[in-house]
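Q: whatever this is, show me its structure:
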Amino acid sequence: MCTARPGWQTISFREGAYKKTCHKVAINLVDVLQIDTEKKTVWCEPLVTMGQLTHTLVELGWTIPVVPEMDDLTVGGLVMGTGIETSSHKQGLFQHICLSYELVLADGSVVTCSKDENPDLFYSVPWSYGTLGFLTAVEIKIIPAARFVKVEYKPCYSLDNLVDTFTAETRRTEGNQFVEGLMYSLHSGVVMTANMSNTAEPGKINEIGRWFKPWFFKHVGAYLDKGKGGVEYIPLRDYYHRHTRSIFWEIQDIIPFGNNVVFRYLLGWLVPPKVSLLKLTQGQAVKELYEKNHFIQDMLVPLADMKEALEVFHKEVKIYPLWLCPFKVEANPGMLRPVGDKETLYVDIGSYGTPGVDNFHPERTTRRVEAFVRKVKGFQMMYADSYMTRDEYREMFDHTLYDRMRKELQCEKAFPVVYDKVNRKARI
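A: Numbers count the residues shown, from 1 in each chain. So this is what the prediction gives:
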């Protein structure tokens, strides 16, 4: 079985071939169910999007600790796959702000799980990709929201300087609610640190979400050209969804002139096109062209291996900008086992675009990057193309608890195993 949600509606680059052979079950659960300000929790159904959730909560003075930046990302996808944001070095991944899950299991029973109730199931759900049951509701922590995010931009002009600055800001115990980096070459980038604020200095408010504003990655890159850093105050929801308008930087391949000031003022309100619309209208020839000439990956590596990882990405694909987002992996049971089985800091290296190397080959190149990530005990995000074998995938992700839960819950004949949903051959 699988959900009946069409593949083109998801954020994943490709659609799952398993949709053609599995029995599809309609789960059209799209509502925010309850906000409890005393317990500081919100109950959501799985198809609630980040844009919908932040719009609902921020108007009431609340937010969630980890808000993955694309508007159309769903709660269910962020639980069953994963979700990350610039607050994740303090708060963890999206799964770490979830307090409980409600699922329908293979036998039709409805169960709730948390750290205290059915804990083995609770820790098995993240990264399971819908292979243990159907997610029907999620309880998530909420925290007080502020009007603005005070962002400080720190341009760096060498790889060592960027890695050292990014690492120091990530490890800082006081302040720095948010840490992010954008690399524009192997030896230049900007590290951003930020904190919520209810007040702003006069003349320093930047409503980056307005249709006529420059794309965020272009705005950040301008600090490299200036040769000095800066501080500004961004409205909270604008900050959360700062990469939505430009789909990070993928929009420049779709609308090359989209950041032109005239286009922004006259037609900027039309963008971005919905990712789902792009997938729905994409022909086979375009899919094949993208496969041969495009690379979309998020690789999660220990922070200690960040410099080597950036050199590997430069050698293998040479795509810029690169997105850098720090996060911690807690020493909990489940698919993710941190280095040394203790809480460890990692960095998400997001690479999206057309490779700048001459020898790019989608399978061979990706496999070399995957091999490096396995070597340093890192992980690959599930939305992206994975060319790993089944054994390599099981080497990357700890299946001990997952395998036991599938057997206990009699999932073998009800749901595919996770590898059979995420490997490249399982996607079209």
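Q: partner strands of the helix or strand harbouring Val347, parallel or antiparallel?
A: With elements delineated by DSSP states H and E, Val347 resides in strand 344-353, which encompasses its position. Applying DSSP bridges to the sheet, strand 344-353 is found paired with strand 295-302 (antiparallel), strand 322-329 (antiparallel).
Q: which parts of the next helix or strand after it are buried?
A: As assigned by DSSP H and E, the chain's next helix or strand after strand 344-353 is helix 362-375. For helix 362-375, burial by neighbour count (16 or more other Cβ atoms under 10 Å) applies to 362, 365-370, 372-374. For every residue, glycine as well, the C-beta is placed using N, CA and C.
Q: for helix 362-375, which outside residues touch it?
A: Residues from elsewhere that reach helix 362-375 (Cβ atoms under 8 Å, 6 or more residues apart in numbering): 291-292, 295, 297, 299-301, 309, 312-313, 316-317, 355, 359, 379-380, 385-388, 392, 395-396, 424.
Q: quick one: low-confidence ranges for the chain?
A: Counting by pLDDT under 70, the chain has low-confidence residues at 8-9, 11, 13, 272-291.
Q: could you find the closest non-adjacent residue to Phe257?
A: Nearest non-adjacent residue to Phe257, counting by Cβ to Cβ, 6 or more residues apart in numbering: Phe263, 5.6 Å away.
Q: circling back: turn the strands paired with strand 344-353 into TSV, including distance to Asp253 and mean neighbour count.
A: Shown next, in TSV, are the strands paired with strand 344-353 (distance: least, Cβ to Cβ, whole Å; neighbours: other Cβ atoms under 10 Å):
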stretch	distance to Asp253	mean neighbour count
strand 295-302	11	21
strand 322-329	16	24
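Q: quick one, which of the ones you listed is nearest to Val79?
A: strand 322-329 (15.7 Å; Cβ to Cβ).
Q: show me how far the closest one is from its chain's centre.
A: How far strand 322-329 lies from its chain's middle: 10 Å, per Cα atoms, centre = their mean, to the nearest Å.
Q: and for stretch 65-82?
A: 7 Å.
Q: swap in stretch 33-47?
A: Between the centre of stretch 33-47 and the centre of its chain there are 22 Å (Cα atoms, centre = their mean).
Q: again, but for stretch 128-140
A: Centre to centre, stretch against its chain (Cα atoms, centre = their mean), the figure for stretch 128-140 is 17 Å.
Q: can you give me the helices in the stretch 101-250 of the chain?
A: Using DSSP state H, counting those that start in this stretch, the helices found in the stretch 101-250 of the chain span residues 119-124, 159-171, 216-226, 236-240.
Q: and the contacts of the second one?
A: Residues from elsewhere that reach helix 159-171 (Cβ under 8 Å, 6+ apart): 89, 154, 156, 176, 179, 181, 183, 186-189, 191, 193, 303, 306-307, 310-311, 324, 326, 345, 347.
Q: using CSV, write out every CA atom in stretch 358-375.
A: C-alpha atoms of stretch 358-375 as CSV (Å, rounded to 0.1, in the frame of the first residue of the first chain):
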residue,chain,number,x,y,z
ASP,A,358,33.3,18.3,-17.9
ASN,A,359,33.2,14.7,-16.6
PHE,A,360,29.8,14.8,-14.9
HIS,A,361,27.8,11.6,-15.1
PRO,A,362,24.6,11.3,-13.1
GLU,A,363,25.2,7.8,-11.8
ARG,A,364,29.0,7.6,-11.5
THR,A,365,29.4,11.1,-10.0
THR,A,366,26.6,10.6,-7.5
ARG,A,367,28.0,7.2,-6.4
ARG,A,368,31.4,8.8,-5.7
VAL,A,369,29.8,11.4,-3.6
GLU,A,370,27.7,8.8,-1.8
ALA,A,371,30.8,6.7,-1.1
PHE,A,372,32.5,9.7,0.5
VAL,A,373,29.4,10.4,2.7
ARG,A,374,29.3,6.8,3.8
LYS,A,375,33.0,6.9,4.6
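Q: now do it: distance to the chain's middle.
A: 21 Å.
Q: what is whatever helix or strand Gly76 lives in packed up against?
A: Applying DSSP H and E as the criterion places Gly76 in helix 75-80. Under the contact definition 3 or more Cβ pairs under 8 Å, 6 or more residues apart in numbering; DSSP states H and E, helix 75-80 sits against strand 134-141.
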